[in-house]
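[1] Got a predicted structure plus its sequence, pasted below:
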Amino acid sequence: MTQITKSTVRATRRLRLAQAAGLFLALPGIAAAAPLLTGVVEDSSAQTIEMPRLPGGWQRRIEWMVPEGTPVTVGEVIVRLDPGDLITREEQTRTDLEKVQLTAERRIDEVRLQVMDAERAVAQAESALRLAELDAVIPESTIPRLDFERYQLTLATAKKTLIRSEAELLNRRSELEDIINEMALEVRQAESNYERIRLALEATEIKASKAGFLIYGENPFTGTKVFPGETLYSGFEIAKVASREDLKIRFWVHEADILEVGMGQRIQVAADAQGSTSFLTELTWTSSQAVERQDWSDSGYFEALAQPLDTLPENIMPGMSVMGVVSPTETDQ
């Protein structure tokens, strides 16, 4: 930005203030050469409502909003967005989740049956081994040799059968564990997909988290109020829920005036509303870089915050436009 000299600042300021002389004369005791500060009343603890980032696109249309200035209570729906295809996607993901859950139950039950069959086979093999052991312990001298050898062969076969049955049972149990883990993963994935779409659909109805009244946001491209039916990108401010609990003033200072404004200065403020009483504030912060406001002019503007020094008049409300000038005691220094 081109460096601004003191003489340029004063010349530019005189020109601008001459054009707005009628506005300044409304503030008693303010010199005509004081810088003009354009601002708005804000609630420091206001609920800021931004366009959420939802599946299906980077922008979404505002379907409905509570009329601006309407008192709202905690939990009340204040903004409703166009759900688009989210309703269909919510139904589809819920159906997919139910299918995955049923498939998981069926597969797990099938393997459990195989485990039960393997357990029964082990029990039968153990019983057959015990019977074979009873026959095999008969002394060879007391029975025919052929019977003795048959009993010994039966015992050896029973032992092998038990080993195979136990191995089969271990395999089936391992398979069951793998199937349970696999199905649990698929169910969690389906649940996650459904929950993501469900929450996205739920987010199309925005509720008030504090009591107050609704103030519509400003479209950064047009400089006009956001309105129902408008389509905004994710992250754009839609509105605020504000109250009079913690009010401050946000000013925009023309780049020609920024050298005349600094932290700690006292600013006399008057609202644009007819019949409003002026009040005194103190600057607590100023930005270090100017930004353009194309809806105002091609010039740059610095932001500044001011804190009221006294109790504000009852008719000063959040969202109200105000004008301010540096207090005469400040301009004289």
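    Nice, I can see it. Numbering: from 1, shown residues only.
[2] can you give me the helices for the stretch 201-333 of the chain?
    Per DSSP state H, counting those that start in this stretch, the stretch 201-333 of the chain carries helices over the ranges 328-331.
[3] Any regions of it where pLDDT drops low?
    Within the stretch 201-333 of the chain, the stretches falling below the threshold (pLDDT under 70) are 273-274, 328-333.
[4] so where do the strands sit in it?
    According to DSSP state E, counting those that start in this stretch, the stretch 201-333 of the chain carries its strands in the segments 205-207, 212-216, 231-233, 237-242, 247-254, 266-271, 279-286, 291-292, 300-308, 321-326.
[5] The fourth one pairs with which strands?
    Pointing back at strand 237-242 there. The sheet places strand 237-242 alongside strand 47-50 (antiparallel), strand 212-216 (antiparallel), with pairing taken from DSSP bridges.
[6] looking at those, which is closest to M320?
    Proximity to M320 (Cβ to Cβ) singles out strand 212-216 among these, at 9.5 Å. All C-beta atoms are positioned from the backbone trio N, CA, C, and that covers glycine.
[7] returning to what we had before: out of the strands of the stretch 201-333 of the chain, the one nearest E126 is which?
    Taking Cβ to Cβ as the measure, those were each checked against E126, and strand 205-207 came out nearest at 63.2 Å.
[8] Including mean neighbour count, could the strands paired with strand 237-242 go into a markdown table?
    Converted to a markdown table, the strands paired with strand 237-242 look like this (neighbours: other Cβ atoms under 10 Å):
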| stretch | mean neighbour count |
| --- | --- |
| strand 47-50 | 18 |
| strand 212-216 | 23 |
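[9] Reformat those into a markdown table and put distance to P83 next to each item.
    Output for the strands paired with strand 237-242, formatted as a markdown table (distance: least, Cβ to Cβ, whole Å):
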| stretch | distance to P83 |
| --- | --- |
| strand 47-50 | 17 |
| strand 212-216 | 21 |
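[10] hmm, back to that, looking at the strands of the stretch 201-333 of the chain, which is nearest to R60?
    Across the strands of the stretch 201-333 of the chain, R60 has its closest neighbour in strand 231-233 (6.8 Å, Cβ to Cβ).
[11] Not counting that closest one itself, show me its contacts.
    Under the contact criterion Cβ atoms under 8 Å, 6 or more residues apart in numbering, strand 231-233 has outside partners M51, W58, Q59, R60, R61, I62, N219, V226, I238.
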